[in-house]
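Visitor: A structural model of the following input is requested.
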Amino acid sequence: MNRPQRGARGARGARGARGTDTCRQSDGVRGTDSAACRFRPLERLAPLCGNSRLLWLAESAWRPGLLAAAVLAFCFALAAGEPPALAPEPARGAVVIKPDFEPEAERAKWSKSPVAKWTREAPGGRWCLAVDVPAEGRRGASMVSLPIDLTPFRGMALHFQCRARAEGVTKPEQAYNGVKFMLHFKAPSGEHWRNQDNVFGTFDWKTLSFTSTIPEDAAAGEICLGLQDTSGKAWFGEITVSIARPRPPKRPAPDPNAPPAYKGHDLPRLRGVMSPNSFREEDLRVLGDEWKANLIRWQLNRNWGQAGTERDLADYDRWLDGRLDELEKALPVCRKHGIRVVIDLHALPGGRDESSDMVMFYEKKYQDHFVKTWEKIARRFKGNPAVWAYDLVNEPTCARPTEAGMDSLTTQVRAARAVRAIDPKTTIIIEAEDWASPSAFVWLTPVDVPNVVYQVHMYVPHAYTHQGVVKEHPTTAVPYPGKIVGQEYDKEALRKILQPVREFQRAHNVHIYVGEFSAIRWAPGAARYLADCIGIFEEYGWDWSYHAYREWPGWSVEHENLPADRDRHQPAKADTDRKKLLLEWFAKNRKPDGQ
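Guide: Sure thing, here's the model as predicted:
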């Protein structure tokens, strides 16, 4: 399902003053003393031995002593005519940045603000940063910053974490404002902000965290602490930055002689929709007989967008059993009208936490219950001719480091193997991390489980598809194609966004299913956006389901494109351009079993 907001959005236009401990690089990029300046000599030496990873050796040498050792190792290796040994890249969970507030010289590296001061109010009498913004100063950013070099982490995902407490911080208008622990950087690909949303009020010391992917063109960045568009007091300490995901794996070259990929059906294409919130036979008759869809992704869902739900497992089981009873009634109706079904477990044991991470990736009792849940579903629906696939996890999020065996992919594999012990044939769907986003496919690796299909969701650019749905997106109409949040978007831009999925598909000879894609009904050019997406899906041979059918009217193709109002929805008097597009593609469908 589309999510109300994706991760943490940072301040738009907010700037913390940069620190003074910088140097001017020869290429004009302003960087920090910790990396860019010190690594420049080794960067110039790299071509001498033709070793493309030599720069990483320099970037791994965090302290002057290690840098000197790296230089000596390079020189000896070069003199011996041998390639120099390379320092290993940091593994997932490795701490790579940890500012120390105790030495005065380290605190001096942070920029200054009249509302910020260093104080010994952290637990144990340790140093922390205190920010105090009076009511009359609540507008704008009241922050300090520490410059950092992001060059060593290009292509990686970094997890940022700090401890903070607050007193009387007023609720800001935008969810991404309030208490701010933020990464900010500019790159040729665009300006980036990232922080945890919805942090305000009064609370004792607790952890704030977020994860940010570092693009290949990133260089200088900054960690920012403070308040924005709010008033009150906040304290910050114990900052750590660790590797959330190392550099992506290298893909094998596509095999030109590979056999057709497993897809779990013998139809030219599965094209359909996400299900309504409840079962009504008339909805399925219209979808299958009139619209000619041959696929429905059946949502087992409740409490969408809420944190702290699904912790009572007995209550969860009672709810799920009721939904499975309903699904069992719907399956023969789906088969009657030529519709194959994806069983989509939208609500998971343990639910999501305040940062939208799934709790079952951090607490084993919920992971265990997740596996048991799928064993129950597999036993109940094994061999049902209406079922195409088991969709194990909807939009997995696992931003914080996990314990061994608890991450998103490992959890899905554990459940998949448990299902295979019961049902050896029914297709199993694996989703990429980060809400099944296209970009997460660069880290995805194929799983050692038979009869698997991989799923992606397409809501990029989110500022377009969700305009007027979430507060942090522009309030004025954003058209497609065109410039959206500073970048040009058209069909070729969408193709580039989906390229990691295409590369994964070709490298590993697997089948792709687009489980969700959409644009809010009032988005100018929504039909064009959907047409461009579908055109790419069809070119690549992907199955797909539109989000959504007779669920929330904001996504409905049976409601007028206007007004742009999430509280007022007018049933369409004639087919909308969005509905005509879907019907045009559904008309190409072939029904299962010759229907």
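Visitor: And the nearest residue to Y459 once chain neighbours are set aside, what's its pLDDT?
Guide: Nearest residue to Y459, sequence neighbours excluded (Cβ to Cβ, 6 or more residues apart in numbering): T465, at 4.6 Å. In short, each C-beta sits where N, CA and C put it, glycine included. Note on T465: pLDDT of 97.
Visitor: swap in the one 5 residues further on?
Guide: Per-residue pLDDT puts V470 at 80.
Visitor: distance of the residue nearest to the spatial centre of the chain from L392?
Guide: Centroid check for the chain by Cα atoms, centre = their mean gives D434 as the closest residue, at 2.4 Å. Separation of D434 from L392 (Cβ to Cβ, to the nearest Å) stands at 16 Å.
Visitor: ok, residues contacting stretch 570-578?
Guide: The contact list for stretch 570-578, computed with Cβ atoms under 8 Å, 6 or more residues apart in numbering, reads 521, 526-527, 530, 557-561, 563, 579, 583.
Visitor: what comes up buried for it?
Guide: Residues of stretch 570-578 classed as buried: 572, 576, 578 (neighbour count, 16 or more other Cβ atoms under 10 Å).
Visitor: and the closest residue to K382 other than its chain neighbours, what does it touch?
Guide: Of all residues not flanking K382 in the chain, D423 sits nearest, at 4.1 Å (Cβ to Cβ, 6+ apart). Contact analysis of D423 by Cβ under 8 Å, 6+ apart lists 378-379, 381-383, 390.
Visitor: Tell me which two in the residues you listed are the farthest apart.
Guide: G383 and Y390 (12.7 Å; Cβ to Cβ).
Visitor: So for those two, which sits in the more crowded spot?
Guide: The neighbour comparison of G383 against Y390 (other Cβ atoms under 10 Å) goes to Y390, with 21 against 8.
Visitor: can you give me the helices in the stretch 351-500 of the chain?
Guide: 364-381, 408-422, 433-436, 462-465, 491-497, 499-508 (DSSP state H, counting those that start in this stretch).
Visitor: Distance to P481 for those - can I get that in JSON lines?
Guide: Listed next are the helices of the stretch 351-500 of the chain as JSON lines, based on distance: least, Cβ to Cβ, whole Å:
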{"stretch": "helix 364-381", "distance to P481": "41"}
{"stretch": "helix 408-422", "distance to P481": "33"}
{"stretch": "helix 433-436", "distance to P481": "24"}
{"stretch": "helix 462-465", "distance to P481": "10"}
{"stretch": "helix 491-497", "distance to P481": "8"}
{"stretch": "helix 499-508", "distance to P481": "18"}
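Visitor: Buried deepest among the ones you listed, which one?
Guide: helix 433-436 (a mean of 24; mean count of other Cβ atoms under 10 Å).
Visitor: Please list the residues outside that helix that contact it.
Guide: Helix 433-436 has contacts (Cβ under 8 Å, 6+ apart) with 3, 6-7, 394-399, 408-409, 440, 443-444, 455-457, 515-516.
Visitor: what helices or strands is the longest helix out of those in the chain leaning on?
Guide: For the chain, the helix that runs over the most residues, judged by DSSP state H, is helix 313-336. Under the contact criterion of 3 or more Cβ pairs under 8 Å, 6 or more residues apart in numbering; DSSP states H and E, helix 313-336 touches helix 281-285, strand 295-300, strand 340-345, helix 364-381.
Visitor: Save these as JSON lines, and put in mean pLDDT and distance to D255 too.
Guide: Putting the helices and strands packed on helix 313-336 into JSON lines (pLDDT from 0 to 100; distance: least, Cβ to Cβ, whole Å) gives the following:
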{"stretch": "helix 281-285", "mean pLDDT": "98", "distance to D255": "40"}
{"stretch": "strand 295-300", "mean pLDDT": "98", "distance to D255": "28"}
{"stretch": "strand 340-345", "mean pLDDT": "98", "distance to D255": "28"}
{"stretch": "helix 364-381", "mean pLDDT": "98", "distance to D255": "32"}
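Visitor: which one of the ones you listed lies closest to L270?
Guide: Nearest to L270 among the helices and strands packed on helix 313-336 is strand 295-300; the distance by Cβ to Cβ comes to 4.1 Å.
Visitor: from the middle of its chain, how far away would that closest one be?
Guide: 22 Å (Cα atoms, centre = their mean, to the nearest Å).
Visitor: contacts for that strand?
Guide: 1, 270-275, 277, 284, 287, 320, 323-324, 327, 330, 334, 339-347, 388, 391, 394, 515-516, 543, 545, 549, 551.
Visitor: Could you list the domains of this structure?
Guide: Using automatic domain parsing, the domain parsing of the chain gives 7-247, 271-594.
Visitor: Which of those has the highest mean neighbour count?
Guide: It is domain 271-594: most buried of the domains of the chain by mean count of other Cβ under 10 Å, with a mean of 19.
Visitor: my guess is the residue nearest to Y459 contacts R521, does it?
Guide: No. T465 is not in contact with R521 according to Cβ atoms under 8 Å; the separation is 10.9 Å.
Visitor: A187 versus A220, what's the distance?
Guide: Where A187 is concerned, A220 sits at a distance of 9 Å (Cβ to Cβ).
Visitor: picking up where we left off before, what about the residue nearest to K382, distance to W298?
Guide: 17 Å.
Visitor: Spatially, what comes nearest to K112 if we skip its sequence neighbours?
Guide: Nearest to K112 is V144, by Cβ to Cβ, 6+ apart, at 6.5 Å.
Visitor: Check which helices and strands the helix or strand where that neighbour lies sits against.
Guide: For V144, the host element (DSSP states H and E) is strand 141-149. Identification of packing neighbours for strand 141-149 by 3+ Cβ pairs under 8 Å, 6+ apart yields strand 30-32, strand 116-122, strand 126-133, strand 178-187, strand 220-228.
Visitor: Which elements pack onto the third one?
Guide: Translated: strand 126-133. strand 116-122, strand 141-149, strand 220-228, strand 232-245.
Visitor: any idea which of the contacts of stretch 570-578 is least confident?
Guide: Scoring the contacts of stretch 570-578 by pLDDT puts P563 last, at 93.
Visitor: and T465, what does it touch?
Guide: So T465 contacts 2, 459, 518-520, 523, 529 (Cβ under 8 Å, 6+ apart).
Visitor: That's all I had, so thanks and see you.
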